[in-house]
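J.: Here you go, sequence then predicted model.
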Amino acid sequence: QVQLVESGGGLVQSGGSLRLSCAASGSIVSINTMGWYRQAPGKQRELVAAITSGGTTNYLDSVKGRFTISRDNAKNTVYLQMDSLKPDDTAVYYCNADGIFLVGAKRRWGAHWGQGTQVTVSS
């Protein structure tokens, strides 16, 4: 089994900052890409930021210059530093990791999700 445990969400005023963390553990062989998605009420889940094991990053246009994604490969942990937060950033944020995992005794490519953490930005 693979677990992704997120932390760091909460309530913050507009213009404030939060830092999300997501630690992956369990039957991991190797993780390729780790990313953060978000889903606001009534909207589809969208990719906010992602980072490969080599450090290549990509961001949703609306968060460029405000959010920074980073990871610690040794700890299988990904972070999302969110600055200059806006009310439109309010959503449940989910961590995702894809790569090779053990399913029984076999190596399989797959993707896993965290349980989500609420981020609320008040105006």
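T.: Received, thanks. Numbering: from 1, shown residues only.

J.: Am I right that P87 is in contact with G15?
T.: No: P87 is not in contact with G15 according to CB atoms under 8 Å; the separation is 10.4 Å. Where you see a C-beta, it was placed from the backbone N, CA and C, and this is true even at glycine.

J.: Which residues does stretch 19-30 contact?
T.: 1-9, 31, 34, 36, 53, 75-82, 93, 95, 97, 99-103, 107, 112, 114, 117, 119 (CB atoms under 8 Å, 6 or more residues apart in numbering).

J.: Which ones among those map onto strands?
T.: Applying DSSP state E to the contacts of stretch 19-30, the entries found in strands are 2-7, 31, 34, 36, 77-82, 93, 95, 97, 99-103, 107, 112, 117, 119.

J.: Could I have the ChimeraX command that selects the buried members from those residues?
T.: To isolate in ChimeraX the members of the ones in strands among the contacts of stretch 19-30 that are buried, counting by 16 or more other CB atoms under 10 Å, one can use:
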select :2,4,6,31,34,36,77,78,79,80,82,93,95,97,99,101,112,117,119
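
J.: So what's the residue count around G15?
T.: For G15, the count of nearby residues is 11 (other CB atoms under 10 Å).

J.: so what's the most centrally placed residue in the chain bridging to?
T.: The C-alpha lying nearest the average C-alpha coordinate of the chain belongs to W36 (CA atoms, centre = their mean; 2.6 Å). For W36, the beta-bridge partners are A49, C95 (DSSP bridges).

J.: Hmm, Y93 and it touching each other?
T.: Yes: using CB under 8 Å, W36 is in contact with Y93, at 5.7 Å.

J.: Report the set of residues contacting both of those two.
T.: Counting by CB under 8 Å, 6+ apart, the residues touching both W36 and Y93 are L20, V48, L80.

J.: can the residues you listed go into TSV with extra columns for distance to R66 and pLDDT?
T.: Compiled in TSV, these are given as follows (distance: CB to CB, whole Å; pLDDT from 0 to 100):
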residue	distance to R66	pLDDT
L20	13	98
V48	11	98
L80	11	98
